[in-house]
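J.: this one's sequence-less:
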């Protein structure tokens, strides 16, 4: 019993310490922003522009896809990359479910007035002194927030779906090709996730959790696929070589969509919902 | 496998340190001139209410979790007005007329129900008259009642003698008339929380779409007070205010246990009361009060009763 109590106290104090480090790290990274319009605009550009943000990772993926020196090597890397694509979908699904379950607003929002339910009372929380970047897009988001326009997506920042998504792809690339993998992982960590930290969109804990989900799911699916899906993957990778033109077109479409973080797929789902409403239900 | 184990430990620690927030619930005040507090919990006897109305110093609840219509006052506490014995299954929304007659809808049992000013409950018009799954309700200036039906995608007019007629047909395009309210000029606002549209029906019976296809907007319940329309959004956990001058503005965002904001009413002092269905299945609910910063709040908290 006493061992359990000691363990509980240890875990609680460790968790509290972790949260303190989390806030301190965030504020240190965030202190870089709000000082230079040029720096903030540069960081903002790599956050907002899909080509700049995800193009490098997408190129690494394509290079790994076509980069095998022999047919057997190409087939091997394609099997890894095909499993990575499936794992990435699973990672997005997991991070979305968790972030909808855990209500933890983005740090920039935690700078606002928040009440926290403690027992039967609402108690006002301490505010995080997060700085707002000076670039136009960030200033607009901040001004929208202050005027009351908060996006639901900004209320569930834990875990970071960007961290999950890009770490999953980069890790898959790393497993297929070490050199390209280092480049993709480096770009993801330093540019994509670093930017999220600097601009106060995510805490280190959000990013770590997203990355952890990605690592677990990618490794687990790679492991499982080797045990049970080898014949299927052999067939699939063989088909990509046999129907090279068609598989190139499909992989281009997939990478295009991945680098734009599925925005067009979401638009297509919206269209299907409208078709159901107008055609099947016969509504205006 | 080492990598796998390390990742698992990191994820476990991350979840351990953060999962408490999901259980606790938060309210983010995007309009900082407002403050929030818990007005009432299950301790006063409510279950998991949906609609609520402030009327003459009392709060009336359409308690969806407990299948009851209830009234709460500071002096008398909580009293039951109608329950499942009458046939009520899932009371949804309610209105009260000047004489104190209560009218309510029920999306499971269907129909339009009444508890008159003497406290006698009855079914005014049931499923047999075409009211299959009743949702929003509004008291029309002529004394009749408008009732939205989510299954038939229509709005019906019901007179006090129980005569039912079609007010807005399926061709109007309203999928789920979840909530309705008139303004002082007899214009009708209709909230459709399936298509996420706020409609406006003018006095010439022309239907307009006031807000549609807006990200993070799904109107659940609407309440008109002094030129402004107050709107809850249970899907996104938000409280909005809409008026012609400022258009749509978020007052507060809710999360965790408090995300499922449902009914809304405003008292004579401008204090906003919201019902939150924290756990409908287990009959758990909360009433949150949102008021302007600096207004007196401590004296009339329901839980102090």
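T.: Received it, and whenever you're ready, just let me know what you need. On a predicted model such as this, the values are computed, not experimentally measured, just so you know.

J.: ok, how many other residues are close to residue 245?
T.: With no chain named, the answer covers chain A. 7 (other CB atoms under 10 Å in any protein chain shown). C-beta: built from backbone N, CA, C; applies to glycine.

J.: hm, I was asking about chain B
T.: Counted with other CB under 10 Å, residue B:245 comes out at 7.

J.: that one should be in a strand, yeah?
T.: No: assigned with DSSP: H, G, I helix; E, B strand; the rest coil, residue B:245 falls outside any strand and is coil.

J.: so how far is residue B:228 from it?
T.: To residue B:228, residue B:245 is 9 Å away according to CB to CB, to the nearest Å.

J.: got it, and residue A:25?
T.: 42 Å.

J.: neighbour count for the two, which is higher?
T.: residue B:228 (19 against 14).

J.: tell me which residues touch the spatially closest residue to the more buried one that is not a sequence neighbour, please.
T.: Residue nearest to residue B:228 in three dimensions, not counting chain neighbours: residue B:243, with 4.5 Å by CB to CB, 6 or more residues apart in numbering or on different chains. Residue B:243 sits next to B:227-229 when contact means CB atoms under 8 Å, 6 or more residues apart in numbering or on different chains.

J.: could you pull out the strands for the stretch 151-300 of chain B?
T.: For the stretch 151-300 of chain B, the strands defined by DSSP state E, counting those that start in this stretch cover B:154-158, B:164-168, B:177-182, B:188-192, B:197-201, B:207-211, B:221-225, B:228-233, B:238-243, B:247-255, B:261-266, B:272-279, B:284-292.

J.: contacts for the first one?
T.: Spelled out, that is strand B:154-158. Outside strand B:154-158, the residues that reach it (CB under 8 Å, 6+ apart) are B:112, B:124-125, B:130-131, B:140, B:144-149, B:164-170, B:172, B:174, B:177, B:180, B:190.

J.: ok, now the last one?
T.: By CB under 8 Å, 6+ apart, the residues outside strand B:284-292 that reach it are A:122, B:27, B:33-42, B:46-49, B:52, B:59, B:63, B:65, B:239, B:251-252, B:254, B:257-258, B:261, B:269-279, B:297, B:302.

J.: what lines up beside it in the sheet?
T.: strand B:34-40 (antiparallel), strand B:272-279 (antiparallel) (DSSP bridges).

J.: give me the angle between the first one and strand B:247-255.
T.: Spelled out, that is strand B:34-40. Between strand B:34-40 and strand B:247-255, the angle comes out at 50 degrees (axes from the mean of the first three to the mean of the last three CA atoms, to 10 degrees).

J.: what packs against the next helix or strand after strand B:34-40?
T.: Elements were assigned by DSSP states H and E; along the chain past strand B:34-40, the next helix or strand is strand B:52-55. Secondary-structure packing of strand B:52-55 (3 or more CB pairs under 8 Å, 6 or more residues apart in numbering or on different chains; DSSP states H and E): strand B:58-63, strand B:91-96, strand B:261-266, strand B:272-279.

J.: can you list the residues that contact the second one?
T.: Surrounding strand B:91-96, the residues in contact under the criterion CB under 8 Å, 6+ apart are B:50-53, B:55, B:60, B:62-64, B:67-69, B:82, B:102-107, B:113, B:134-139, B:145, B:179, B:221, B:263.

J.: which neighbours in the sheet does it have, and how are they oriented?
T.: Short version: by DSSP bridges, strand B:91-96 pairs with strand B:102-106 (antiparallel).

J.: quick one: work out the angle between the partner strand and strand B:58-63.
T.: Computed by the same axes, to 10 degrees, the angle separating strand B:102-106 from strand B:58-63 equals 20 degrees.

J.: listing partners with orientation, what would you give for the very next helix or strand once past strand B:102-106?
T.: Using DSSP H and E, the helix or strand that follows strand B:102-106 towards the C-terminus is strand B:112-115. Strand B:112-115 pairs in its sheet with strand B:102-106 (antiparallel), strand B:121-125 (antiparallel), by DSSP bridges.

J.: bridging residues for the closest residue to chain A within the stretch 151-300 of chain B?
T.: Nearest residue of the stretch 151-300 of chain B to chain A, counting by CB to the nearest CB: residue B:255, 2.9 Å away. Residue B:255 has the following beta-bridge partners by DSSP bridges: residue B:26.

J.: and it, what's its pLDDT?
T.: With respect to pLDDT, residue B:255 scores 82.

J.: can you tell me how far it is from residue B:140?
T.: 37 Å.

J.: with neighbour numbers in mind, choose between these two.
T.: residue B:255 (26 against 16).

J.: residues contacting the more buried one?
T.: A:103, A:105, A:155-156, B:25-28, B:237 are the contacts of residue B:255 under CB under 8 Å, 6+ apart.

J.: including neighbour count and pLDDT, could the residues you listed go into TSV?
T.: Listed next are those as TSV, based on neighbours: other CB atoms under 10 Å in any protein chain shown; pLDDT from 0 to 100:
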residue	neighbour count	pLDDT
A:103	26	70
A:105	22	82
A:155	25	74
A:156	22	79
B:25	24	79
B:26	26	84
B:27	30	89
B:28	25	88
B:237	25	88
